[in-house]
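Colleague: can you look at this prediction? I've put the sequence above it.
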Amino acid sequence: MISGVATYSLYLHPSHSVIFCEAVAIYGVIVAIILQTKLESVPSSKMYDAESLRAGYAIFASGIIVGFANLVCGLCVGIIGSSCALSDAQNSSLFVKILVIEIFGSALGLFGVIVGIIMSAQATWPSKV
């Protein structure tokens, strides 16, 4: 609170954290669309085949991994963004240094998306014959 009174530049710099958080939300939407296109109906005779179970668990694990990676990424971006705003109010030369740290924290979400896409690519359903 005191840092907002002590400096006038605080209104401009914290907006980058909002952009990083919106990117994390977009990551989740992209993976949800990809996973939705992977779903298929399976005949009841092949419901418990190894291939069906593998595809189902691959899609499930892909969603869980992307979700937890985005959760950790959001926490990281929020905490570092708050620290960036407060440290910038005290010493403006720290802004770029902490922004680089925030970019590395935001990369966690991107890594989760990459792993999720690779895992969902392994999901192949059995033929319906």
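Modeller: Good, I have the coordinates.
Colleague: tell me the contacts of Gly78?
Modeller: Gly78 sits next to Ser17, Cys21 when contact means CB atoms under 8 Å, 6 or more residues apart in numbering. The way it works is simple: take the backbone N, C-alpha and C, and place the C-beta from them, glycine included.
Colleague: what about the strands in this protein?
Modeller: Remark: strands of the chain are absent; assignment by DSSP state E.
Colleague: where does it dip in pLDDT?
Modeller: Within the chain, the segments meeting pLDDT under 70 span 1-14, 129.
Colleague: change it to 90
Modeller: Within the chain, the stretches with pLDDT under 90 are 1-25, 39-52, 77-78, 80-106, 108, 122-129.
Colleague: grab the longest helix from it for me.
Modeller: helix 50-90 (DSSP state H).
Colleague: from the chain's centroid, how far away is that one?
Modeller: 4 Å (CA atoms, centre = their mean, to the nearest Å).
Colleague: do you know how far Gly109 is from Cys84?
Modeller: 17 Å (CB to CB, to the nearest Å).
Colleague: many thanks, we can stop here.
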